[in-house]
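Peer 1: The following comprises the amino acid sequence and a computationally predicted model.
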Amino acid sequence: MNSLDLASFASIPSAQHDFDQADLTFSATEWDTYRPEQGKPISYKEQHLIVYPLKELSRAFSVAGIPRSQQQLIKWETDGVLPPTPFTFGRKRFYTENQIRTIVDIALECGLRPRTHVKKTNFSELVHHELTYILKLELNAYEAPVV
């Protein structure tokens, strides 16, 4: 019996076998599958944009596991924690889906939790930076929304 015959009988561990046994399933969280509801279509120069009321931003925070009330979000805006939304109709605030997702993603990234005070994180700085960028992209096409 030569060495090739021995190799065919011996079990040789392989990286491929280990990889095949690895659990590669992805389990989505509620936040991963979140979609805003109650959108309001607005149009500008024959282009369409859908905005969502403040309560959708509050719901998004709840779905992500870091609930914030509508009153708290308004306070954040008046205190400068959140930049003011350009989409206001009367006294109602509206946000695009990109804005909602960005705000909540940044809150999660900063470690904001139900009992964490927002000023103990760099949430405000990051959200101002990212929303400025998003609004530039969105408002290039939609400079002044008309209902």
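Peer 2: Sure, I can see it.
Peer 1: Give the full set of residues in contact with the spatially most central residue of the chain.
Peer 2: Note on the chain: the residue nearest the mean C-alpha position is Arg101, at 2.9 Å, using C-alpha atoms, centre = their mean. By C-beta atoms under 8 Å, 6 or more residues apart in numbering, the contact set of Arg101 is Ala60. (C-beta placed from N, C-alpha, C; glycine too.)
Peer 1: ok, then the element right after the helix or strand hosting it?
Peer 2: In this structure, Arg101 sits in helix 97-109 according to DSSP states H and E. Following helix 97-109 in sequence order, the next helix or strand is helix 123-141 (DSSP H and E).
Peer 1: mind listing what's buried in that next one?
Peer 2: Phe123, Ser124, Leu126, Val127, Glu130, Leu131, Ile134, Leu135, Glu138 (16 or more other C-beta atoms under 10 Å).
Peer 1: low-confidence ranges in the protein?
Peer 2: For the chain, residues meeting the criterion pLDDT under 70 lie at 1-28, 44-47, 141-147.
Peer 1: can I assume Ser43 is in contact with Leu49?
Peer 2: Yes - counting by C-beta atoms under 8 Å, Ser43 does reach Leu49; the two are 7.4 Å apart.
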